[in-house]
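Participant: Using only what follows, build the 3D model:
(chains A and B)
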There are 2 protein chains.
Amino acid sequence: MKNNKPYYAVIFTSSHSENTEGYIEMAEQMEALAKKQYGFLGIESARSSIGITVSYWNSLEAIKNWKQQTDHLKAQQKGRHDWYDWYKVRICKVERDYEFEKAKS
Amino acid sequence: MKNNKPYYAVIFTSSHSENTEGYIEMAEQMEALAKKQYGFLGIESARSSIGITVSYWNSLEAIKNWKQQTDHLKAQQKGRHDWYDWYKVRICKVERDYEFEKAKS
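Facilitator: Numbers count the residues shown, from 1 in each chain, chains lettered A, B, ... in the order given. Okay, the predicted model is just below:
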């Protein structure tokens, strides 16, 4: 993943309703679509009792464009209607990052 | 969770090694300890093929203090030695947030 600073993160935290029909397919479609957007840098997802998806972008403008992308707008609407009891979105500026990778033994 | 802006998020993304002995107990201890730190606002975790834990803080100083807390330093060291093949830490300023909650029917 490219990370020429500064870059931005969208933290999407969600709680699912009991209705999950069609959710996985839509999530996969949206991830594929996000990857084609201008300014997209990467995406990470995990789900336990809550879901957390973090996507990374090179500008606030790229995040705004993605939020307003037509198919994504439809998915958001369906998400609020069908899949989510609750979600929270946080738009963040990544101030710094560092990483650890274990040496291969 | 309090969110008098500005506040900060630490996104911790990790990939586990095969050795997970003692991990869950330590994760629970560290979460309990984080909650007692000055400036702590909240924490969210999920795990699938990768783990994502996001903790929220009221200042960069609170994040720095938590990183250097003695028991937490020991846990970090054990994490690098035993539990993680890889992790990445991102320190972020939350620029804005919004949330959705489904009306009870």
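
Participant: so where is chain A shaky, pLDDT-wise?
Facilitator: For chain A, the stretches flagged by pLDDT under 70 are A:1-5, A:105.

Participant: for it, longest strand please?
Facilitator: Longest strand in chain A, counting residues (DSSP state E): strand A:84-101.

Participant: what helices or strands is that one leaning on?
Facilitator: Here strand A:84-101 touches strand A:7-16, strand B:7-16, strand B:84-101, going by 3 or more Cβ pairs under 8 Å, 6 or more residues apart in numbering or on different chains; DSSP states H and E. C-beta here means a position set from N, CA and C on the backbone, and glycine is covered the same way.

Participant: the inter-axis angle of that strand versus strand A:7-16?
Facilitator: Between strand A:84-101 and strand A:7-16, the angle comes out at 140 degrees (axes from the mean of the first three to the mean of the last three Cα atoms, to 10 degrees).

Participant: With only the CA atoms kept, save strand A:84-101 in CSV.
Facilitator: Extracted C-alpha coordinates of strand A:84-101, given in CSV (Å, rounded to 0.1, in the frame of the first residue of the first chain):
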residue,chain,number,x,y,z
TYR,A,84,-27.1,-2.1,9.9
ASP,A,85,-28.6,-1.4,13.3
TRP,A,86,-25.9,1.1,13.8
TYR,A,87,-22.8,2.5,12.3
LYS,A,88,-20.3,5.2,12.9
VAL,A,89,-18.0,6.8,10.3
ARG,A,90,-14.8,8.7,11.3
ILE,A,91,-12.8,10.7,8.8
CYS,A,92,-9.2,10.8,10.0
LYS,A,93,-5.9,12.3,9.0
VAL,A,94,-3.1,9.8,9.5
GLU,A,95,-0.5,11.8,11.4
ARG,A,96,2.1,9.0,11.4
ASP,A,97,2.5,5.3,11.1
TYR,A,98,5.0,2.6,11.8
GLU,A,99,5.0,-1.2,11.3
PHE,A,100,6.6,-4.4,12.6
GLU,A,101,7.3,-7.4,10.5
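
Participant: Please spell out which residues along that strand are buried.
Facilitator: Across strand A:84-101, burial judged by 16 or more other Cβ atoms under 10 Å in any protein chain shown covers A:84, A:87-94, A:97.

Participant: Thanks again, I'm all set now.
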